[in-house]
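Chemist: Pasting the sequence and the predicted coordinates here, then a few questions.
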Amino acid sequence: MSEIKGDEKKLSTQIEELTALVSQLEDPNIELEDALAVYESGMKIAQAAQKALEQAEQRIETVTNSHQS
């Protein structure tokens with residue numbers, strides 16, 4: 001298994017964090033500034049998760065193509 005860099009988290013952890021952030025945003029009592037901060041955090045996590053998914057897809061394609069030759 002490849003080494004995980006310090007700022008990279010497992011996809012499952014990222015999904016859990018996003019779920020928690022969505023719950024915070026669904027709170028009708030959240031202040032606008034707090035909501036914006038939560039949204040920004042969520043976007044950063046979502047971008048990192050998307051990058052991880054793209055890398056996984058590339059690895060799958062590489063493995064699949066090497067076994068088809």
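Modeler: That came through, no problem.
Chemist: isn't L25 right next to V38, touching?
Modeler: Yes. Using C-beta atoms under 8 Å, L25 makes contact with V38 at a distance of 5.7 Å. Any C-beta I mention is one placed from the backbone N, CA and C, and that applies to glycine too.
Chemist: Which residues does the helix or strand hosting I15 contact?
Modeler: For I15, the enclosing helix or strand under DSSP states H and E is helix 11-25. Under the contact criterion C-beta atoms under 8 Å, 6 or more residues apart in numbering, helix 11-25 has outside partners 9, 30, 34-35, 38-39, 41-42, 45-46, 48-49, 52-53.
Chemist: Give me the residue ranges of the protein where confidence is low.
Modeler: Scanning the chain with the threshold set as pLDDT under 70 gives 1-8, 69.
Chemist: do you know how far the most centrally placed residue in it is from V38?
Modeler: Most central residue of the chain, judged by C-alpha distance to the mean C-alpha position with C-alpha atoms, centre = their mean, is A49 at 2.5 Å. When distance is defined by C-beta to C-beta, to the nearest Å, A49 is 16 Å away from V38.
Chemist: Quick check: which element contains R59?
Modeler: Applying DSSP H and E as the criterion places R59 in helix 32-68.
Chemist: which helices and strands sit right next to that helix?
Modeler: In terms of contact count using 3 or more C-beta pairs under 8 Å, 6 or more residues apart in numbering; DSSP states H and E, helix 32-68 is assigned the packing partners helix 11-25.
Chemist: So which bits of the helix it packs on are buried?
Modeler: Buried residues in helix 11-25, counting neighbours by 16 or more other C-beta atoms under 10 Å, are found at Q14, E17, L18, L21.
Chemist: same thing with stretch 41-61?
Modeler: Within stretch 41-61, the residues scored as buried using 16+ other C-beta under 10 Å are G42, I45, A48, A49.
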